[in-house]
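Undergrad: Structure of the sequence below:
(one chain, ligands or ions: 1)
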Amino acid sequence: MGESVRTTDGTGYQYTDNFDVTDEVKEQYDRDGFIILRNFLDTEEVTNLRTALEQDKTLEDNYYTRDDGEGNQAKMANWNHPVDDITGMIGRSDKAAGTMEKLLGGEVYQYHAKVVMKEPFTGGAFVWHQDYGVWYHYGNLFPNMGTVWIAVDRADRTNGCLQILLGSHQAGRLEHVKVGEQARADQERVELLAKTCPLTYVQLDPGDAVIFHCNLVHRSDQNHSQNRRWAYLVCYNRASNDPVYKHHYPNYTPLIKVPNSRIKGCDTKTSYEGKNFFKDPPISRCERNACPTGTDVRRTSVPGEICPMDVRSLGCAVLPGP
Ligand SMILES: O=C(O)CCC(=O)C(=O)O
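TA: Reported below is the predicted structural model:
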């Protein structure tokens, strides 16, 4: 990778309820592809979130894994809709959804939320990718999408924190290929980009957040440390960017925003009802071989192009034809 390696230590905005997406914040997001909000969740909020996730039996029942191609498995639980529990209140809060609306320039809805669970010693890696590298294939016509990534535990270089190529979103969408069970951005292009987009380790304390653009190239290492690294991610789509293909993530669903105070005010028990967990079936159950072109949802794409079925193992049968 490139010569210039940075960390986010000492950078970012201290979040308070007075935080606003000023012109300066927006310019930074547009230039770098991300912003960091320290203390995005205060100590009580992140403690409540952590407790809720640790006690949540549905996470245990609904998590799935993705082979990282390096001998470990990335582990995550993934659901679609925000409800009234603490995870939903965070996703619907003014500080998450409201900030995202200002960064993306219009009304947003929750495209999905997930908990990425990097357990001590065994936590899997994520290969270099752009979220839009995959979401594009689901019929999101514009990259008007982004993620609020919240540290539930401290995330640093020792336990596999997020790594980004600063400003790489400006390159637009890259080609992706399958590695292990993940989609990896074109390696040569990533290496070339890394010469000008500094590799940056996003080191965060619990409650800190990084909000990033869907074309920002990112990855994370395996966790070889004794420290767990869990994160809670809420991914948003612009309401105007309603996906044109029906798939496992939702079409536009109005998001009912709530004031930040509701995060502390809500029950710390998480709820299952209405969330619509999406548990990726194992790759062996993918019906991609039945697909006439072996490629994508429309069954018209160029052979060899990355297939959403391959990436997420949806099974062709669940998606409409052309
Ligand atoms: O949390 C991480 O380490 C990376 C997660 C990620 O890149 C993803 O879920 O797409």
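
Undergrad: okay but Leu37 is in contact with Val21, surely?
TA: No - here Leu37 does not reach Val21: they are 10.5 Å apart, not a contact under Cβ atoms under 8 Å. Using the backbone N, CA and C atoms, a C-beta is placed for each residue, glycine as well.

Undergrad: Quickly list what's touching both of the two.
TA: Residues touching both Leu37 and Val21 by Cβ atoms under 8 Å, 6 or more residues apart in numbering: Thr99.

Undergrad: what about these two, which has more around it?
TA: Set Leu37 next to Val21 and count neighbours by other Cβ atoms under 10 Å: Leu37 wins out with 24 against 18.

Undergrad: ok now do the spatially closest residue to the more buried one that is not a sequence neighbour, which residues does it touch?
TA: Among residues not flanking Leu37 along the chain, Tyr15 sits closest, at 4.3 Å (Cβ to Cβ, 6 or more residues apart in numbering). For Tyr15, the contacting residues are Leu37, Arg38, Asn39, Phe40, Lys95, Ala209, by Cβ under 8 Å, 6+ apart.

Undergrad: Just the pLDDT at Tyr15, thanks.
TA: pLDDT for Tyr15: 97.

Undergrad: State the distance from it to the ligand.
TA: Distance of Tyr15 to the ligand, given as Cβ to the nearest ligand atom, to the nearest Å: 20 Å.

Undergrad: repeat for Asp61
TA: 20 Å.

Undergrad: Can you report how many residues lie near that residue?
TA: 11.

Undergrad: Please apply the same query to the one 5 residues further on.
TA: Residues lying near Arg66 (other Cβ under 10 Å) number 24.

Undergrad: strand partners of whichever helix or strand it is part of, parallel vs antiparallel please.
TA: Arg66 belongs to strand 64-67 when assigned by DSSP states H and E. Here strand 64-67 is paired, per DSSP bridges, with strand 73-79 (antiparallel).

Undergrad: what is the mean pLDDT for the partner strand?
TA: Computed over strand 73-79, the average pLDDT equals 90.

Undergrad: is the ligand contacted by stretch 48-59?
TA: No - for a cut-off given as Cβ under 6 Å from any ligand atom, stretch 48-59 has no contacts with the ligand; the smallest distance is 14.0 Å.

Undergrad: for that stretch, which positions count as buried?
TA: Neighbour-count burial for stretch 48-59 flags Asn48, Leu49, Arg50, Ala52, Leu53, Asp56, Leu59 (criterion: 16 or more other Cβ atoms under 10 Å).

Undergrad: Residues contacting that stretch, please?
TA: Outside stretch 48-59, the residues touching it (Cβ under 8 Å, 6+ apart) are 41, 77, 85-87, 90, 115, 117, 150, 152-153, 206, 230, 232, 263-264, 268-270, 272, 277.

Undergrad: Try it again at 7 Å.
TA: Contacts with stretch 48-59, where a contact means Cβ atoms under 7 Å, 6 or more residues apart in numbering, come from 41, 77, 85-86, 90, 115, 152, 230, 232, 268-270, 272, 277.

Undergrad: By pLDDT, give me the weakest of these.
TA: Thr268 (66).

Undergrad: ok so, going back, which single one of the contacts of Tyr15 is nearest to Trp135?
TA: Ala209 (20.1 Å; Cβ to Cβ).

Undergrad: wait, what's in contact with the closest one?
TA: Per Cβ under 7 Å, 6+ apart, neighbours of Ala209: Leu37, Phe40, Val148, Trp149, Ile150.

Undergrad: Over to the third one. Which of the three states is it?
TA: Spelled out, it's Val148. strand (DSSP: H, G, I helix; E, B strand; the rest coil).

Undergrad: Could you number the chain from 21 rather than 1 from now on?
TA: From this message on, residue numbering opens at 21, which makes the last subject Val168.
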